[in-house]
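Undergrad: Build me a model from this:
(chains A and B)
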Amino acid sequence: MSTEIRGPVRVRFAPSPTGFLHVGGARTAIYNDLLRQSAGGAFILRIEDTDRERSDEAMTRQIQSALAWIGTVWDEGPFLQSERLARHRERAEELLAAGKAYRCFCTQEELEAQRAEAQTQGKAFRYPRTCLCRPQDEAQTLLAAGKPFVVRLRMPGDNIRFHDIVRGAMDFPPDALDDFILLRSDGTPTYHMSVVVDDIDMRVTHVIRGEDHLSNTPKHIPLFRALGGEVPAFAHLPLILGPDKKRLSKRYGATSVEEFRNEGILPQALYNFLALLGWNPGDEREVMSRDEMIAAFSVDRLNDSPAVFDREKLWWMNGQYMARLSVEELWPHLEPFIDQAGLKNADRERLLAVLELYRTRTRTLKEMAEAVFPFFQDELVYDSAAVAKYLKDADLPADLEAL
RNA sequence: GUCCCCAUCGUCUAGAGGCCUAGGACUCCGCCCUUUCAAGGCGGCAACGCGGGUUCGAAUCCCGCUGGGGAUACCA
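TA: Numbering: from 1, shown residues only, chains lettered A, B, ... in the order given. I've put the predicted structure just below:
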């Protein structure tokens, strides 16, 4: 099914500031960027920092700088979800007043026991609607007594169907869903409540996010409807895997944008590489500028199967960019590595000439700066303590000495 | 456990019933270019997970199996 998107779209990227921007998040941002740029409209950046314990303001800044560095452009935001809590709560209370949501006085211990019970019976746990069935006066008594409660959405009994742009027709039977929590017992909104209210208020038309949210979608759709909001179109992207075919993790090296930057990867190369991990232009082009990708972008060329992150190919891609860019063009990105290599004060003209020699011979900016280092040793002032520490066993192996 | 998703070379992928002797890219291996090493050019190795259907014909459609992943929270 062709789902070419033309009109102005309103997309959003909504990371939670619980760590550095990882490549999976970066790729999601890139597809949002590509859709926004190709179709027109707006890209909204929203920071989902409602989990205050895990959120950190420094992380929020990191994420913004990483997004800007790889070259995504947002039109609105960043909006902090934590600043909209009152609004989320207000909308939940509307649902409560309208009878579309209800108070639940069940304790976590009770629910835990029921969950364990369902587990042993081999069934999926669903909240049994104990409090929905509770007589009105009994609920009033509990409320008056100050018993803590959560607010749950009253789910409709019909199947939830939607068309996912990358996965096609989705159909979730009602017994797979339960009356999930909108407001916690301390009155704060849950993630589900916050996202849906924000997506409505920000008039989001297309939600492009990771596959891990696919099973949240049948929860969100009834909530959109209960709140009287327009249900956006959804596109759930497959995950990025590590070499072990499991979710990409730290144990195989860098996973954050920041780390690749520090390894000397160019932002254009990372953008290009990540865009191609789950999308292709339909012809055999691979090294493509953002503008070329924008021109070629179409959501129906988004892949639906997970991709293994291949570091080797990123390095190749980066080498391609280095080979195509002049040393002058590379310089802004290269300079930090030159400084780091201790060549800050090296003769500029000679430095550029030597760098040119290594432009097609190295694959990262870091390698380039390090390769050039030996040419400037004469100009260096050695730190005597460092010499004592690192250069004391300078004897070469016999076979090397023979050379 | 239950629900959901996915399945083409080692990896990224093209492929929407005949264009497929399955195409491209990374990696690896040759050769050419070159004083050297790269870059570049040319060539090679390498895949439709398995079993049933449907069809004149299936990598492409259906079912099952297997494998992998995700979700099952008063996390996001």
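
Undergrad: tell me the mean pLDDT for the longest helix that chain A contains?
TA: Assignment by DSSP state H gives helix A:23-39 as the longest helix of chain A. Here helix A:23-39 scores 96 as its mean pLDDT.

Undergrad: do the same with stretch A:162-175
TA: On average, stretch A:162-175 scores 89.

Undergrad: That stretch near RNA strand B at all?
TA: Yes. Stretch A:162-175 comes into contact with RNA strand B (CB under 7 Å from any atom of the strand), by way of A:R167, A:G168, A:M170, A:F172, A:P173. Every C-beta, even on glycine, is put in place using the N, C-alpha and C of the backbone.

Undergrad: what's the nearest residue to the fourth one if we skip its chain neighbours?
TA: So that's A:F172. Closest residue to A:F172 apart from its sequence neighbours, by CB to CB, 6 or more residues apart in numbering: A:P218 at 4.0 Å.

Undergrad: so the one you found makes contact with A:L177?
TA: Yes. The criterion here is CB atoms under 8 Å, and A:P218 meets it with A:L177 at 5.7 Å.

Undergrad: what residues do the two have in common as contacts?
TA: Shared contacts of A:P218 and A:L177, defined by CB atoms under 8 Å, 6 or more residues apart in numbering, comprise A:I160.

Undergrad: which residues in the stretch 51-200 of chain A form helices?
TA: A:57-70, A:85-97, A:108-120, A:130-133, A:136-144, A:191-201 (DSSP state H, counting those that start in this stretch).

Undergrad: would TSV of these with mean neighbour count and distance to A:V299 be doable?
TA: Formatted as TSV, those follow (neighbours: other CB atoms under 10 Å; distance: least, CB to CB, whole Å):
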stretch	mean neighbour count	distance to A:V299
helix A:57-70	18	20
helix A:85-97	17	29
helix A:108-120	11	38
helix A:130-133	14	39
helix A:136-144	11	46
helix A:191-201	22	18
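
Undergrad: Looking at those helices, which is nearest to RNA strand B?
TA: Closest approach to RNA strand B among the helices of the stretch 51-200 of chain A (CB to the nearest atom of the strand): helix A:191-201, 3.1 Å.

Undergrad: sorry, back to before: ok, the residues of stretch A:162-175 next to RNA strand B vs A:G278, which is closest?
TA: A:R167 (12.9 Å; CB to CB).

Undergrad: Run a quick neighbour tally on that closest one.
TA: 17 (other CB atoms under 10 Å).

Undergrad: repeat for the one 4 residues further on
TA: A:D171 is surrounded by 10 other residues when neighbours are defined as other CB under 10 Å.

Undergrad: can you pull up the bridge partners for it?
TA: Beta-bridge partners of A:D171, counted by DSSP bridges, are A:R161.

Undergrad: what's the spacing between it and A:I160?
TA: For A:D171, the distance to A:I160 equals 8 Å [CB to CB, to the nearest Å].

Undergrad: Now do the lengthiest strand in chain A: everything it contacts.
TA: In chain A, taking DSSP state E as the definition, the longest strand is strand A:41-47. With contact meaning CB under 8 Å, 6+ apart, strand A:41-47 is reached by A:7-17, A:32-33, A:36, A:60, A:63-64, A:67, A:72-81, A:198, A:202, A:204-205.

Undergrad: Any chance of the helices of the stretch 51-200 of chain A in TSV with mean pLDDT and distance to A:L274 as columns?
TA: Formatted as TSV, the helices of the stretch 51-200 of chain A follow (pLDDT from 0 to 100; distance: least, CB to CB, whole Å):
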stretch	mean pLDDT	distance to A:L274
helix A:57-70	92	8
helix A:85-97	95	32
helix A:108-120	87	38
helix A:130-133	88	45
helix A:136-144	90	50
helix A:191-201	95	24
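
Undergrad: Turn these into a markdown table, including distance to A:K313.
TA: Output for the helices of the stretch 51-200 of chain A, formatted as a markdown table (distance: least, CB to CB, whole Å):
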| stretch | distance to A:K313 |
| --- | --- |
| helix A:57-70 | 17 |
| helix A:85-97 | 42 |
| helix A:108-120 | 42 |
| helix A:130-133 | 53 |
| helix A:136-144 | 59 |
| helix A:191-201 | 34 |
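
Undergrad: so who does the residue lying closest to A:S16 once chain neighbours are set aside touch?
TA: Nearest residue to A:S16 in three dimensions, chain neighbours excluded: A:E48, at 4.4 Å (CB to CB, 6+ apart). If a contact means CB under 8 Å, 6+ apart, then A:E48 has A:A14, A:P15, A:S16, A:P17, A:Q81, A:Y191, A:S194, A:V195 as its contacts.

Undergrad: Phi and psi next, for A:E48.
TA: phi -90, psi 80 (degrees, to the nearest 10).

Undergrad: From RNA strand B, how far off is it?
TA: 3 Å (CB to the nearest atom of the strand, to the nearest Å).

Undergrad: Show the pLDDT at that residue.
TA: So, for A:E48, pLDDT stands at 90.

Undergrad: Check A:P128 too.
TA: 90.

Undergrad: if we can go back for a sec, mind giving me the ChimeraX select for the contacts of strand A:41-47, buried ones only?
TA: Those of these that count as buried under 16 or more other CB atoms under 10 Å are selected in ChimeraX with:
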select /A:9,10,11,12,13,14,15,16,17,32,33,36,60,63,64,67,72,74,77,78,79,80,81,198,202,204,205
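
Undergrad: Go through the contacts of strand A:41-47 and flag which are in strands.
TA: Cross-referencing the contacts of strand A:41-47 against strands under DSSP E gives A:V9, A:R10, A:V11, A:R12, A:F13, A:E76, A:G77, A:P78, A:F79, A:L80.

Undergrad: who does the third one bridge with?
TA: A:V11 has the following beta-bridge partners by DSSP bridges: A:F43, A:H206.

Undergrad: residues in contact with it?
TA: Applying CB under 8 Å, 6+ apart, the residues near A:V11 are A:N32, A:L35, A:R36, A:G41, A:A42, A:F43, A:I44, A:V204, A:T205, A:H206, A:V207, A:I208.

Undergrad: what's the answer for the fifth one, then?
TA: By CB under 8 Å, 6+ apart, the residues touching A:F13 are A:G25, A:T28, A:A29, A:N32, A:F43, A:I44, A:L45, A:R46, A:L67, A:T72, A:W74.

Undergrad: Could you identify the most distant pair in those?
TA: Farthest-apart pair in the contacts of A:F13 is A:G25 and A:I44; separation 15.2 Å (CB to CB).
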